[in-house]
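**Student:** Structure of the sequence below:
(chains A, B, C and D)
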Number of protein chains: 2
Amino acid sequence: MPARDRRPVTIYEVADRAGVSIATVSRALRDSELVAPSTRRHVQRVAEELRFRPSRAGRALAEGQHAANGIVFPDLSGPYYAEVVLGYEEVVAELGRSVLILATQGRDNAAELVHELAGRVDGMVIMGRTVSDSTVARIADTGLPLVLLARPPVGLVDTVTADNEDSARTVTAHLIGHGYHRFEFLGDPAQSPDVAGRHAGFVAALTEGGLTVPAKPVRCAFDVKAGYAAARETLRRRTRPEALVCANDEVALGALRAAEDLGLSVPGELALTGWDDIMAADYARLTTVHQSMRELGSTAARWLDQRISGTSPGVRREVLPTRLVIRTSCGPHER
Amino acid sequence: MPARDRRPVTIYEVADRAGVSIATVSRALRDSELVAPSTRRHVQRVAEELRFRPSRAGRALAEGQHAANGIVFPDLSGPYYAEVVLGYEEVVAELGRSVLILATQGRDNAAELVHELAGRVDGMVIMGRTVSDSTVARIADTGLPLVLLARPPVGLVDTVTADNEDSARTVTAHLIGHGYHRFEFLGDPAQSPDVAGRHAGFVAALTEGGLTVPAKPVRCAFDVKAGYAAARETLRRRTRPEALVCANDEVALGALRAAEDLGLSVPGELALTGWDDIMAADYARLTTVHQSMRELGSTAARWLDQRISGTSPGVRREVLPTRLVIRTSCGPHER
DNA sequence: CACAGAAATGTAAGCGCTTCCAACGGCGCT
DNA sequence: AGCGCCGTTGGAAGCGCTTACATTTCTGTG
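**Tutor:** Alright, predicted model coming up:
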């Protein structure tokens, strides 16, 4: 029966048992130079026998650092953030540090939680629209190393983002190449800077192609249901659009379903595209924009590490490239 | 420019500034009873002014606990684990504690990392086939509160799992109801206890239905590619199976693609089912077994909390129910 | 008005570790 | 033999906080 009250073995017991001082134990288990090889071996053996694990808290207090990094994201339900977190965790763990996570979705006290998290880590990544600029600024002002991810820059904080505008241009141009004329954009530019960028690229491509730009985007939230509703409404208008550029895959998937329910064939009567290249996009044959989430996460992790270790060159901003994934929803392609 | 070297404000400075002792500051910021209301207000104001945040490390050391829980999982790339983690994070955060994560996939030093994690938390959840029984036992023996998730029990550790056998029986029986006779199971029972349970239920249902049980399952790994390969091979045999029960959605999705490539219509010429009800399953119209991952995670979190607070009733084992999600891949349904 | 007891606050002892500094002993050298 | 050095080791001071215990300040009462 596991004893709930078993006291973990401390450095004192190891020192006692090994017949040395705690200073020597500490040294034997970490530095190299300052201890005689024979002593080190002896201490190591004793430590192992006793199954000694240095208390993290004691260490953190003495060293003044946690050996842990944080990451804040909206949620983990889409594949998007999960991938980013995974890429992040991978490199952080490789660096010998632990990862603390915080999902802000649906929490009204997000800012408070982020501050709390800030107190437990040596640095953190803040992703997307999770907390206000002022919260970010406040934490940055604390001196805590920070990296922003898929989020507009704040002050002089490092920022990594995936490209939005260029890829929007690319995907829209691709659709134009298919010969469509009447376009609509599904998504709310006001909702997130990502969508804003995508919409801007969409508008730019249309303009460059000499096509008429719809008066305004069809506003809708970031999920399947919203995409469905928005598409349904749009597709029932007297002059139906020929192509829908959707703000992300979930919206596109909703639109796809709407088209289906309306008896519209895709891409025959309606072409559409998404963003993110989530797994379901593949099965829906959705043409979309692929971003390497993993890489986004790992890049942020590396930058953060450099900030923490003070080896960071000035302020960094980087836009990671994306890739157009052509499937069938955008129109017929011979293959 | 954010100063990297800004020293965080300590309780001493607050005490100084407020003209009281650190004990009073500590009390004013936490307990209720032991401090005069006016003093409390005053201290709180000063603390706020100074933007004082008690050092987590100091606190952890003094209190002997971390106010953090851990969770170990294979990876986060499928929707499966991500959802579980989300459910976990949600309740843990609600309890005012932080969440440390650890992905073991592709790491050879998983056991070491888990031990390391164990030193930073007050309890943890270990999911799936991430570490050996002996590692689990060793940690449990430490007295660290533990909950196992979707993993066979070890010793007297609490364990939550999702049902496998019963749902396998249900899904197989459903297929039998469609009138199919030749079945195959895609997945490797040796790979995980989950698959083993699913296969067992499959066999049981077939036996109960008086049908011939295939000599052995078609072994394949847990991903789309493996499912594709396994299905392709199976479907080219002279006597093609009519129905494929796949170990999870990814395998089923691979099988679906294989059928498609082979010119077989689903469900016309081949019926198939998956497990997990991932998002893509919906778009592929895949009949599958839905498990509430979120709930799995939140249940584990709650149990763990009770273990930590010592309010846990004896050893707990629970199998969470699943739900059959009927779409079209299993055969025609009028609706 | 003195005094007991409660309320409020201060003092100080840790929590487990790292690390600066001092102490020690053995060595080669003169 | 005496000296200084260097390689090892121990002593002890924190790191920032909580909390048991001591002390002080009030309050109400006989």
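**Student:** Could you give the number of residues near A:Gly314?
**Tutor:** 6 (other Cβ atoms under 10 Å in any protein chain shown). Placement of C-beta: from N, CA and C, glycine included.
**Student:** I misspoke; the intended subject was A:Arg40.
**Tutor:** A:Arg40, neighbours per other Cβ under 10 Å, totals 18.
**Student:** lowest-confidence helix or strand of chain A?
**Tutor:** helix A:279-283 (a mean of 87; mean pLDDT, DSSP states H and E).
**Student:** Show me what it is packed up against.
**Tutor:** For helix A:279-283, the elements it packs on are helix A:249-261, helix B:279-283, judged by 3 or more Cβ pairs under 8 Å, 6 or more residues apart in numbering or on different chains; DSSP states H and E.
**Student:** Counting by contacts, list what the helix or strand following the last one packs against.
**Tutor:** Meaning helix B:279-283. Once helix B:279-283 ends, the next helix or strand along the chain (criterion: DSSP states H and E) is strand B:288-291. Using 3+ Cβ pairs under 8 Å, 6+ apart, the elements in contact with strand B:288-291 are helix B:165-177, strand B:322-325.
**Student:** can I get these in JSON lines with mean neighbour count and distance to A:Leu304?
**Tutor:** Formatted as JSON lines, the helices and strands packed on strand B:288-291 follow (neighbours: other Cβ atoms under 10 Å in any protein chain shown; distance: least, Cβ to Cβ, whole Å):
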{"stretch": "helix B:165-177", "mean neighbour count": "20", "distance to A:Leu304": "42"}
{"stretch": "strand B:322-325", "mean neighbour count": "17", "distance to A:Leu304": "40"}
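**Student:** quick one: which of the ones you listed is nearest chain A?
**Tutor:** Closest of the helices and strands packed on strand B:288-291 to chain A is strand B:322-325, at 14.9 Å (criterion: Cβ to the nearest Cβ).
**Student:** Mean confidence (pLDDT) on the closest one, please.
**Tutor:** Strand B:322-325 carries an average pLDDT of 95.
**Student:** Strand partners (parallel or antiparallel) of that strand?
**Tutor:** Take DSSP bridges as the rule and strand B:322-325 pairs in its sheet with strand B:288-291 (antiparallel).
**Student:** From A:Ile139, how far out is A:Leu86?
**Tutor:** 24 Å (Cβ to Cβ, to the nearest Å).
**Student:** what do you get for A:Arg219?
**Tutor:** Taken as Cβ to Cβ, the span from A:Arg219 to A:Ile139 is 32 Å.
**Student:** Could you say which helix or strand holds the residue minimising distance to the centre of chain A?
**Tutor:** In chain A, the residue lying closest to the centroid (Cα atoms, centre = their mean) is A:Val84, at 4.0 Å. A:Val84 belongs to helix A:79-94 when assigned by DSSP H and E.
**Student:** so what does whatever helix or strand comes next after that helix touch, helix or strand wise?
**Tutor:** Using DSSP H and E, the helix or strand that follows helix A:79-94 towards the C-terminus is strand A:98-103. Counting by 3+ Cβ pairs under 8 Å, 6+ apart, the packing neighbours recorded for strand A:98-103 are strand A:68-73, helix A:79-94, helix A:110-118, helix B:79-94, strand B:98-103.
**Student:** okay, those in TSV with distance to A:Gly177 and mean pLDDT next?
**Tutor:** What follows is the helices and strands packed on strand A:98-103, written out as TSV (distance: least, Cβ to Cβ, whole Å; pLDDT from 0 to 100):
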stretch	distance to A:Gly177	mean pLDDT
strand A:68-73	35	97
helix A:79-94	27	92
helix A:110-118	43	95
helix B:79-94	34	92
strand B:98-103	41	97
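**Student:** Which one, of those, ends up nearest to A:Val43?
**Tutor:** Nearest to A:Val43 among these is strand A:68-73; the distance by Cβ to Cβ comes to 26.5 Å.
**Student:** CA atoms only: put the helix holding A:Val84 into CSV for me.
**Tutor:** Taking C-alpha atoms only, helix A:79-94 is exported to CSV below (Å, rounded to 0.1, in the frame of the first residue of the first chain):
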residue,chain,number,x,y,z
PRO,A,79,-5.9,20.2,-34.8
TYR,A,80,-4.4,23.6,-35.2
TYR,A,81,-3.3,24.5,-31.7
ALA,A,82,-2.7,20.9,-30.8
GLU,A,83,0.0,20.7,-33.4
VAL,A,84,1.6,23.9,-32.4
VAL,A,85,1.7,22.8,-28.8
LEU,A,86,3.2,19.5,-29.8
GLY,A,87,6.0,21.2,-31.8
TYR,A,88,6.6,23.4,-28.8
GLU,A,89,6.6,20.6,-26.3
GLU,A,90,9.0,18.7,-28.4
VAL,A,91,11.8,21.2,-28.4
VAL,A,92,11.2,22.4,-24.9
ALA,A,93,11.5,18.9,-23.5
GLU,A,94,14.6,18.4,-25.6
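**Student:** from the helices and strands packed on helix A:279-283, which stretch is densest packed?
**Tutor:** Mean neighbours per residue, mean count of other Cβ atoms under 10 Å in any protein chain shown, is largest over the helices and strands packed on helix A:279-283 for helix A:249-261, with a mean of 25.
**Student:** quick one: whatever helix or strand comes next after it near chain B?
**Tutor:** Once helix A:249-261 ends, the next helix or strand along the chain (criterion: DSSP H and E) is strand A:271-273. No - using Cβ under 8 Å from any Cβ of the partner chain, strand A:271-273 stays clear of chain B, coming no nearer than 13.7 Å.
**Student:** just how off-centre is strand A:271-273 within its chain?
**Tutor:** Relative to the chain's own centre, strand A:271-273 is displaced by 25 Å; criterion: Cα atoms, centre = their mean, to the nearest Å.
**Student:** same check, this time on stretch A:120-132
**Tutor:** 10 Å.
**Student:** First-to-last residue distance for it?
**Tutor:** Taking Cα to Cα, to the nearest Å as the measure, stretch A:120-132 stretches 20 Å from start to finish.
**Student:** Show me which positions of it end up buried.
**Tutor:** Residues of stretch A:120-132 classed as buried: A:Arg120, A:Val121, A:Asp122, A:Gly123, A:Met124, A:Val125, A:Ile126, A:Met127, A:Gly128, A:Thr130, A:Val131 (neighbour count, 16 or more other Cβ atoms under 10 Å in any protein chain shown).
**Student:** Just give me the closest of these to DNA strand D.
**Tutor:** Taking Cβ to the nearest atom of the strand as the measure, DNA strand D lies nearest A:Arg120 of the buried residues of stretch A:120-132, at 12.6 Å.
**Student:** Quick one: name the residues of chain A near DNA strand C.
**Tutor:** Proximity of chain A to DNA strand C (Cβ under 7 Å from any atom of the strand) is limited to residues A:7-8, A:10-12, A:22-23, A:26-27, A:29-31, A:52-55, A:57-59, A:61-63.
**Student:** Contacting chain B as well, which ones from the residues you listed?
**Tutor:** Answer for the residues of chain A next to DNA strand C near chain B (Cβ under 8 Å from any Cβ): A:Pro8, A:Arg53, A:Pro54, A:Ser55, A:Ala57, A:Gly58, A:Leu61.
**Student:** ok, the residue in the stretch 201-335 of chain A that DNA strand D sits nearest to - contacts?
**Tutor:** Residue of the stretch 201-335 of chain A nearest DNA strand D, by Cβ to the nearest atom of the strand: A:Ile308 (17.5 Å). Each residue near A:Ile308 by Cβ atoms under 8 Å, 6 or more residues apart in numbering or on different chains is listed here: A:Asn69, A:Asp122, A:Gly123, A:Pro145.
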